[in-house]
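Participant: Model the structure of this input:
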Amino acid sequence: MTGPNPTDRGKNGSKIHLVTDRNGLPLSLGISAANVHDSQGLIPLVRGIPPIRSHRGPRRRRPEKLHGDKGYDYDHLRRWLAQRGIRHRIARRGIESSQRLGRHRWVVERTVSWLAGCRRLHRRYERKAAHFLAFAGIAAALIGYRRLSKRGRPSPL
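Facilitator: Modelled structure (predicted):
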């Protein structure tokens with residue numbers, strides 16, 4: 001799960017893929033080599049979203065809407081999302097500017113910066129991808145715990 005990073009003089013590296021809710025809580029997390037295109041990580045991430053509990057009604061099995069940047073602008077991804085009943089708002093390459101999606105995308109960027117604040121994730125020290133993914137999962141769980149505890153909800157511990 002490492003590959004030559006195109007922005008870092010070809011050094012091997014990893015990329016963290018993340019799906020969050022509207023408030024920045026991490027829902028699904030994945031890693032890939034640094035030279036893998038972002039669009040290849042979308043389907044496993046959406047499939048990895050756990051059922052969401054709600055106060056009323058059954059659990060939601062999928063998100064209602066998905067915002068993405070131009071890296072996800074492919075017809076097969078749009079069709080895949082539409083088949084599952086997920087409305088998508090993906091910027092089109094060469095047509096739309098990224099400015100309109102910025103108001104939604106900053107939430108994900110903020111969560112990625114919170115993950116990067118963990119020293120273990122800022123630079124990959126682990127040789128095995130499973131270990132790096134486990135540390136990323138622990139960091140995502142801590143972010144979720146901190147976000148939920150600030151809202152005044154009872155602590156699970």
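Participant: the strands in the chain, which residues?
Facilitator: For the chain, strands defined by DSSP state E occupy the ranges 3-4, 12-20, 26-33, 65-68, 87-90.
Participant: Which strands or helices does the longest one pack on?
Facilitator: Same thing as strand 12-20. strand 3-4, strand 26-33, helix 42-47, helix 102-116, helix 129-150 (3 or more Cβ pairs under 8 Å, 6 or more residues apart in numbering; DSSP states H and E). Any C-beta I mention is one placed from the backbone N, CA and C, and that applies to glycine too.
Participant: partners of that strand, with directions?
Facilitator: strand 3-4 (antiparallel), strand 26-33 (antiparallel) (DSSP bridges).
Participant: possible to save the strands of the chain as TSV with mean neighbour count?
Facilitator: Listed next are the strands of the chain as TSV, based on neighbours: other Cβ atoms under 10 Å:
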stretch	mean neighbour count
strand 3-4	14
strand 12-20	19
strand 26-33	19
strand 65-68	18
strand 87-90	15
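Participant: mean pLDDT lowest for which of the helices and strands packed on strand 12-20?
Facilitator: For the helices and strands packed on strand 12-20, mean pLDDT drops lowest on strand 3-4, to a mean of 66.
Participant: State the distance from R120 to H131.
Facilitator: 10 Å (Cβ to Cβ, to the nearest Å).
Participant: what residue is smack in the middle of the protein?
Facilitator: L18 (1.2 Å; Cα atoms, centre = their mean).
Participant: surely that residue meets E109?
Facilitator: No - look at L18 against E109 with Cβ atoms under 8 Å: they stay out of range, at 9.7 Å.
Participant: residue contacts, the closest residue to V19 other than its chain neighbours?
Facilitator: Leaving aside its sequence neighbours, V19 sits nearest to S28 (Cβ to Cβ, 6 or more residues apart in numbering; 4.3 Å). S28 makes contact with L18, V19, L45, V46, G48, I49, P50 under the criterion Cβ atoms under 8 Å, 6 or more residues apart in numbering.
Participant: Tell me which two in the residues you listed are the farthest apart.
Facilitator: Pairwise distances across these (Cβ to Cβ) peak at 14.4 Å, for the pair L18 and P50.
Participant: related to what we said a few turns ago, would you turn the strands paired with strand 12-20 into a markdown table with distance to H104?
Facilitator: Shown next, in a markdown table, are the strands paired with strand 12-20 (distance: least, Cβ to Cβ, whole Å):
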| stretch | distance to H104 |
| --- | --- |
| strand 3-4 | 29 |
| strand 26-33 | 15 |
